[in-house]
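Trainee: Below is the structure, and that's it, no one-letter string:
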């Protein structure tokens, strides 16, 4: 077996040397090609051949040269490949290291503890200044709505009132015709209270209006003129006035109504609903 291996190595070595020493003679090959194209000498002139046949000869010669070069290169490549093959077989690659069970089963390190931010105590809201006037207790207020036979009434502060101006509304409902009617509104003087106007939903020419200050009250009085009547329905009488800036307590404001229906004298009256009474109006204006 060792003798055959030695012979094989010797043959391969000689082929390798022969392939390396081979050098094709290109000039000689080109000279032969030119002679072939020139052809045999004639009687003073060259015989003409078809151009296609001449080009075929050139192509054939070129192919022959390329074949010789390819054979030589293949021999060199084969020798080099045979010599490099044992070296590639001897190269050993180390296996990829696998992580140890201890490394894979170890839990990740916990994050660093974060100190909680100092807690803020809730901001204290300062309450506004106390009201300048104290509302009268609900038990001391006269009822806002009253009824007498076919006549019903209600007192309320208009929701459009503001810190400088207010309007007190007196609503009347009658189920029959009234032949006489007097409506009186009394606004307590809580500071800066002064007349700012008045109106009613019934015709203006049917009533006379008087506004005066009496015993600490601003008094509005509507009186039905003689010979006029009020039809059945719902009607509103309103007194408007200015006052000092800020919330105003209507707890001392009152109204009174006297009327005549079918020769029967009727009388209703009351106060004005405060903010916390849940009435139709607002106790503060």
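Mentor: Sure thing, it's come through. Just so we're clear, the structure is a prediction, and the values are computed from it rather than from any experiment.

Trainee: Quickly note the distance from residue 222 to residue 181.
Mentor: Distance, residue 222 to residue 181, by CB to CB, to the nearest Å: 8 Å. All C-beta atoms are positioned from the backbone trio N, CA, C, and that covers glycine.

Trainee: quick one: low-confidence parts of this structure?
Mentor: Within the chain, the stretches with pLDDT under 70 are 1-7, 19, 21-24, 38-141, 274-285.

Trainee: how about the strands in it?
Mentor: Taking DSSP state E as the test, the strands found in the chain are 145-148, 151-157, 165-174, 180-188, 194-200, 207-214, 217-224, 233-242, 254-261, 264-270.

Trainee: Quick one: closest of these to residue 29.
Mentor: Taking CB to CB, strand 165-174 is the member of the strands of the chain nearest to residue 29, at 124.4 Å.

Trainee: strands paired with that closest one, and their directions?
Mentor: strand 151-157 (antiparallel), strand 233-242 (antiparallel) (DSSP bridges).

Trainee: Got the domain ranges for the chain?
Mentor: Domain assignment for the chain by automatic domain parsing gives 2-36+52-86, 139-277.

Trainee: before we move on, the earlier item: go through the strands of the chain and pick out the most buried.
Mentor: Of those, the one with the most neighbours on average (mean count of other CB atoms under 10 Å) is strand 151-157, at a mean of 23.

Trainee: For it, give me every contacting residue.
Mentor: 144-147, 166-175, 178, 250, 253-255, 257, 259, 261, 266, 268-273, 279-285 (CB atoms under 8 Å, 6 or more residues apart in numbering).

Trainee: which residues does the nearest residue to residue 234 once chain neighbours are set aside form a beta bridge with?
Mentor: Nearest residue to residue 234 in three dimensions, chain neighbours excluded: residue 173, at 4.8 Å (CB to CB, 6 or more residues apart in numbering). Per DSSP bridges, the residues bridged to residue 173 are residue 152, residue 234.

Trainee: can I assume residue 146 is in contact with residue 269?
Mentor: Yes. Between residue 146 and residue 269 a contact is recorded at 6.2 Å, counting by CB atoms under 8 Å.

Trainee: returning to that earlier point: turn the strands of the chain into JSON lines, including distance to residue 25.
Mentor: Conversion of those to JSON lines gives the following (distance: least, CB to CB, whole Å):
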{"stretch": "strand 145-148", "distance to residue 25": "136"}
{"stretch": "strand 151-157", "distance to residue 25": "129"}
{"stretch": "strand 165-174", "distance to residue 25": "127"}
{"stretch": "strand 180-188", "distance to residue 25": "137"}
{"stretch": "strand 194-200", "distance to residue 25": "132"}
{"stretch": "strand 207-214", "distance to residue 25": "142"}
{"stretch": "strand 217-224", "distance to residue 25": "140"}
{"stretch": "strand 233-242", "distance to residue 25": "131"}
{"stretch": "strand 254-261", "distance to residue 25": "140"}
{"stretch": "strand 264-270", "distance to residue 25": "140"}
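
Trainee: so which of these gets nearest residue 32?
Mentor: Across the strands of the chain, residue 32 has its closest neighbour in strand 165-174 (128.9 Å, CB to CB).

Trainee: tilt between that closest one and strand 254-261?
Mentor: 30 degrees (axes from the mean of the first three to the mean of the last three CA atoms, to 10 degrees).

Trainee: Report how many residues lie close to residue 36.
Mentor: Residue 36 has 13 neighbouring residues, counting by other CB atoms under 10 Å.

Trainee: and the residue nearest to residue 234, how far is that from residue 231?
Mentor: Distance of residue 173 to residue 231, computed by CB to CB: 12 Å.

Trainee: Residue 215: which of the strands paired with strand 165-174 is closest?
Mentor: strand 233-242 (16.4 Å).

Trainee: Run through who's touching the closest one.
Mentor: 158, 164-174, 183, 185, 187, 192-202, 218, 220, 222.

Trainee: excluding its backbone neighbours, what's nearest residue 178?
Mentor: Residue 178's closest residue in space is residue 230 (CB to CB, 6+ apart), at 4.0 Å.

Trainee: tell me the contacts of the one you found?
Mentor: Residue 230 touches 174, 177-178, 181, 202, 206, 224, 259, counting by CB under 8 Å, 6+ apart.

Trainee: need those residues in JSON lines with distance to residue 243, can you?
Mentor: Shown next, in JSON lines, are the contacts of residue 230 (distance: CB to CB, whole Å):
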{"residue": "174", "distance to residue 243": "31"}
{"residue": "177", "distance to residue 243": "37"}
{"residue": "178", "distance to residue 243": "32"}
{"residue": "181", "distance to residue 243": "28"}
{"residue": "202", "distance to residue 243": "27"}
{"residue": "206", "distance to residue 243": "30"}
{"residue": "224", "distance to residue 243": "29"}
{"residue": "259", "distance to residue 243": "30"}
